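1. okay, sequence plus prediction incoming.
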Amino acid sequence: MPTHCDTFSLASGAPAAAAPGRLPGDLAVWFFILAELLAFGVFLVAYAFARAHDVAHFDAGQLGLDRDAGAVNTLLLLTSSFFVVRAVQCAAADRARAAAPWLAAAFACGAGFVAVKLAEYADKFAAGMSLSSSTFDMFYLLLTGFHFMHVLLGLVILAALWNGARTGRYGPGRLNGMESGAAYWHMVDLVWLVLFPLVYLMR
């Protein structure tokens, strides 16, 4: 892995700050992210409302979930987001090709999330879980399934960023694509950090 991709100011030796008032990435991507967060928010409010009206049922449903799998996936996404941050730092330091291994590592972590989640789904479907098996099962599948689809899209984005990085597409003044993809991936991570405790842990 590259280890010296941080951008530094010549005067202080501190990490160089982004231009004041500049939103990283494309504005259209941020509108998309906000729309997706709103959609997740609606799902989460509906989940909280349903749970408040039948706490015992939801607690029982949570006992059937694999917390270890959820924790592993949390670690995978957090690690992946760290790798994406490093990739952006490399590109900002005009070392786009050095960003490619970081993006490959981020993709590998995301793929690990998918593998763990698919194994978890297979176990639950084998046990008879479906959208109609219970209210908790319905919310579990809708919430985690919606997030799962965003992870898959995120992997496509990471693959595209990796391809651009290895060909030197990104650099100072040419960071919009990298920053936009990074912002989307961080959104995927953020949503999971809400879903995991809410669906798997909260009593």
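-> On my side now, so go ahead.

2. use CA for all of it now, contacts and neighbours both
-> Fine.

3. relative to residue 136, how far out is residue 83?
-> Distance from residue 83 to residue 136, counting by Cα to Cα, to the nearest Å: 34 Å.

4. hmm, residue 33 is touching residue 187, no?
-> Yes: with contact defined as Cα atoms under 8 Å, residue 33 reaches residue 187; the gap is 7.1 Å.

5. and residue 175, backbone torsions?
-> Residue 175 adopts backbone torsions of phi -110, psi 0, taken as degrees, to the nearest 10.

6. next, count neighbours for it.
-> Other residues within reach of residue 175, judged by other Cα atoms under 10 Å, total 20.

7. for the one 3 residues further on, same thing?
-> As a burial measure, residue 178 scores 28 neighbours (other Cα under 10 Å).

8. kindly report the same for residue 200.
-> 20.

9. also residue 139?
-> 20.

10. following the helix or strand hosting residue 157, which helix or strand shows up next?
-> Assigned by DSSP states H and E, residue 157 falls within helix 135-166. Per DSSP H and E, the first helix or strand lying C-terminal to helix 135-166 is helix 176-195.

11. what's next to that next one, contact-wise?
-> 24-26, 29-30, 33, 37, 40, 74, 77-78, 81, 84-85, 88, 143-144, 147, 150-151, 154, 157-158, 161, 170 (Cα atoms under 8 Å, 6 or more residues apart in numbering).

12. measure the closest residue to residue 196 other than its chain neighbours to residue 105 for me?
-> Using Cα to Cα, 6 or more residues apart in numbering and skipping residues adjacent in sequence, the residue nearest residue 196 is residue 70, 6.5 Å away. Distance of residue 70 to residue 105, given as Cα to Cα: 20 Å.

13. ok, residue 74 next?
-> For residue 74 relative to residue 105 (Cα to Cα), the value is 16 Å.

14. try residue 119
-> To residue 105, residue 119 is 21 Å away according to Cα to Cα.

15. between the two, which is the more surrounded one?
-> residue 105 (20 against 13).

16. is it true that that one touches residue 79?
-> No: counting by Cα under 8 Å, residue 105 stays clear of residue 79, with 9.0 Å between them.

17. quick revisit: ok, the residue nearest to residue 196 - how many residues close by?
-> Neighbours of residue 70 under the rule other Cα under 10 Å: 22.

18. what's the answer for the one 3 residues further on, then?
-> Other residues within reach of residue 73, judged by other Cα under 10 Å, total 24.

19. quick one, what contacts it?
-> For residue 73, the contacting residues are 112-113, 116-117, by Cα under 8 Å, 6+ apart.
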